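In: Quick one, fold the following:
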Amino acid sequence: MSGFWPVALTLCLLMTCGGAWFAALVVTRRARLDRQQRMRLVTGDESRGPGRASADSATPQPTSTALGMRRFFSPGSRRRWGMSANGAMLTVVALAGALAAWLITHRALQFSVWIWIPAVVGGFFLAPRAMLLRQQHRSEQQFMMGFPDAIDMVIRMLRAGLPMTAAARTVGNEALPPVNRVFRSIADQVDVGVPFEIALAAAGESIGLPDFRFFAVAVSLQRETGGNLSATLEILADIIRKRRTVRLRAQAATGEIRMSAYILGALPFLVTGTFLVVSPGYLTPLATDPRGHVIVGIALLGLLLAYLSMRAMLHSVTMP
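Out: Sure thing, here's the model as predicted:
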């Protein structure tokens, strides 16, 4: 019975979090359906059901369940527009993370229940969070790769005499994802009566990237005060390309450092695996003796801190 109460408390905690998450899903789904109904009344499109995506969308629209699970597994994240995992994938990854943590801490290292239960809960939440953050980072990189070309497209249309709203619609139809989705969303909001400046400012807040926010500010100021917008956007596109070149050079310069970090981080696990194959009894005290548990915990904590430190230093010169 000594291990019953920790398991019971963990199950109660997970059930409480699940109940709160389900209630939030019900509320957000009801608000979303009401908002979609009003949008269909404004646009006059009654053919689409509340859960179907628009016909011109490059990717299927996420359901309320997927959006709720993304928020549930990525608390504190300021940007989620690039996360694409659905609810089933997040569930599978969460269960796989919990299973991996249980196999390592309970089956392999034979830690006590007070250690492997928090590890299982942490694996359940951290595994899908890591996947979502990686998807967001990859989407931001793809956006910054295609954004200068989208600005060039806008410049050509402005010089041809087209308005900015028509340029946004053309970029939404012709640019590469995820840039096209952003401009298509802006054009769709303008079509239902939202002022262009408000739609552009909302997109800038949602995207959160400094270069796109500067683009939004430049366009909004030009529409209010006048000026040569094409020249301003041309300078912005050149600056973005130069910054991208600097980041690529920084990644090339730090490639050796990253490889060294990967090798040094993998060495403890390779040595441990070798000992488990060659001489399994050599590492038995680490799994059976409480002092061995402390040593393993300190070693894992040191590896984690070293990884986070090197990751922060490398990302400070390579992140957009």
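
In: Low-confidence ranges, the chain, go.
Out: Across the chain, the ranges flagged by pLDDT under 70 are 1-64, 108-110, 316-320.

In: Residue ranges of each domain in it, please.
Out: With domains defined by automatic domain parsing, the chain comprises 9-45, 141-252, 255-318.

In: Which parts of the stretch 201-320 of the chain are helices?
Out: Secondary structure of the stretch 201-320 of the chain (DSSP state H, counting those that start in this stretch): helices located at 210-225, 229-253, 255-278, 284-288, 290-318.

In: Quickly compare those and say which is most buried.
Out: With neighbours defined as mean count of other C-beta atoms under 10 Å, these peak in mean count at helix 210-225, which reaches a mean of 16. Placement of C-beta: from N, CA and C, glycine included.

In: other SSEs contacting that one?
Out: The elements that helix 210-225 packs onto, with contact taken as 3 or more C-beta pairs under 8 Å, 6 or more residues apart in numbering; DSSP states H and E, are helix 113-159, helix 196-207, helix 229-253.

In: So which of the domains of the chain is nearest S84?
Out: Closest to S84 of the domains of the chain is domain 141-252 (C-beta to C-beta; 9.5 Å).

In: circling back to that earlier point, using JSON lines, please lay out the helices of the stretch 201-320 of the chain together with distance to I115.
Out: As requested, the helices of the stretch 201-320 of the chain are exported to JSON lines (distance: least, C-beta to C-beta, whole Å):
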{"stretch": "helix 210-225", "distance to I115": "42"}
{"stretch": "helix 229-253", "distance to I115": "38"}
{"stretch": "helix 255-278", "distance to I115": "18"}
{"stretch": "helix 284-288", "distance to I115": "12"}
{"stretch": "helix 290-318", "distance to I115": "7"}
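
In: Would you mind measuring from V278 to E224?
Out: Note on V278: its distance to E224, by C-beta to C-beta, to the nearest Å, is 73 Å.

In: check contacts around the residue lying closest to L126 once chain neighbours are set aside.
Out: Of all residues not flanking L126 in the chain, G97 sits nearest, at 6.4 Å (C-beta to C-beta, 6 or more residues apart in numbering). G97 makes contact with 123-128, according to C-beta atoms under 8 Å, 6 or more residues apart in numbering.

In: Alright, calling it a day.
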